[in-house]
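**Student:** fold the following and give me the result.
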Amino acid sequence: MIVWLDHHLWILPFLIFSAIEAGLAAVFFIKSKGFLLAGVDSENRKEIYSSLTGSSSGLLGFSLAAVAILAAFGRRAGVTPESRARENRLANARVGISKVLLSTSVLLMTLLVAATVGIGIDGAKVGNFPLTSIVVSAAISSLVGLLVSGAGLTLSLMERSREN
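**Tutor:** This next block holds a predicted model:
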């Protein structure tokens, strides 16, 4: 399973999103009342939604720009078979990082849309559970996706710098 996940790392943010959604749903059915974001009063919840729209739109732009930059990098011409193999590994790593960034972008878009909708419709004393759970799950899973892609990019750059 670990090897498969290593080759399909782009699915990690979606798995985390699903796990958090399942956990929040279980807690909701046990507690039967608002908790986390749903338990915050209406005015503060709208401020949180507003803040999340700004943050998620900025991070979405950053993620898509990073994908565009990574797509622009090509393989360097290798002289030796070792250098060609290394360039192929680095190119595959860039593709993997781009996939994680794209899946993270989907979650950031989900967060952006859900938070925008929340500003308009979530004005009750207790927050709308489906909406708040999507916001919380998308926020946490997109954060993990950004951390994973950032770590992958850092490792890729470190590998590239070892060559020089």
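
**Student:** could you name the helices and strands sitting against the lengthiest helix in the chain?
**Tutor:** In the chain, assigned by DSSP state H, the helix with the most residues is helix 81-121. Contacts defined by 3 or more Cβ pairs under 8 Å, 6 or more residues apart in numbering; DSSP states H and E place helix 81-121 against helix 12-31, helix 42-72, helix 129-163. C-beta here means a position set from N, CA and C on the backbone, and glycine is covered the same way.

**Student:** what average pLDDT does that helix get?
**Tutor:** For helix 81-121, the mean pLDDT works out to 91.

**Student:** tell me the angle that helix makes with helix 12-31.
**Tutor:** Relative orientation of helix 81-121 versus helix 12-31 (axes from the mean of the first three to the mean of the last three Cα atoms, to 10 degrees): 40 degrees.

**Student:** list the residues that contact the closest residue to Gly152 other than its chain neighbours.
**Tutor:** Excluding its sequence neighbours, the residue lying closest to Gly152 (Cβ to Cβ, 6 or more residues apart in numbering) is Ile97, at 4.5 Å. For Ile97, the contact set (Cβ atoms under 8 Å, 6 or more residues apart in numbering) comprises Leu70, Ser149, Gly152, Leu153, Ser156.

**Student:** counting neighbours, what do you get for the second one?
**Tutor:** Using other Cβ atoms under 10 Å, Ser149 has 27 neighbouring residues.

**Student:** try the third one
**Tutor:** Here the neighbour count serves as a burial measure; for Gly152 (other Cβ under 10 Å) it reads 18.
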